[in-house]
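Participant: Please work out how this folds:
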Amino acid sequence: MTNKQREFMGFLIGEGCFRVEKVWKKTYKTRTFYRPQISVAQRADGKEILEWAKKEYGGSLIYQKGRKDIPNQNPSYVWVCYSAHK
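Facilitator: As a prediction, this is how the structure comes out:
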């Protein structure tokens, strides 16, 4: 494991969210399945670590605008990675 990977794992454990999502779709025979998901958010000016995570592990990087009705809320990015259902 590289130093960058260790740093990211510490960041993910401290700031990340680990959850299991229940998904229901008509197109699947069982219709309901569960998939694990990992996500972590960072202010837009610190998105480099999330871009690295996307390149290293896959997933998606989502931009979220800051809300105007909440004072001092900055734009942010969220890295999301989840298991694909087969």
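Participant: How about residue 12: what's its closest non-neighbour residue?
Facilitator: Leaving aside its chain neighbours, residue 12 sits nearest to residue 40 (5.5 Å; criterion: C-beta to C-beta, 6 or more residues apart in numbering). Where you see a C-beta, it was placed from the backbone N, CA and C, and this is true even at glycine.
Participant: Give the bridge partners for that neighbour, please.
Facilitator: residue 79 (DSSP bridges).
Participant: who's in contact with it?
Facilitator: Shown in contact with residue 40 (C-beta atoms under 8 Å, 6 or more residues apart in numbering): 11-12, 15-17, 50, 53, 78-79.
Participant: Report the buried members of the residues you listed.
Facilitator: Using 16 or more other C-beta atoms under 10 Å as the burial test, these include 12, 50, 53, 78-79 as buried.
Participant: Beyond the host helix or strand of residue 55, next helix or strand please.
Facilitator: Residue 55 is part of helix 48-57, with elements assigned from DSSP states H and E. Using DSSP H and E, the next helix or strand after helix 48-57 towards the C-terminus is strand 60-64.
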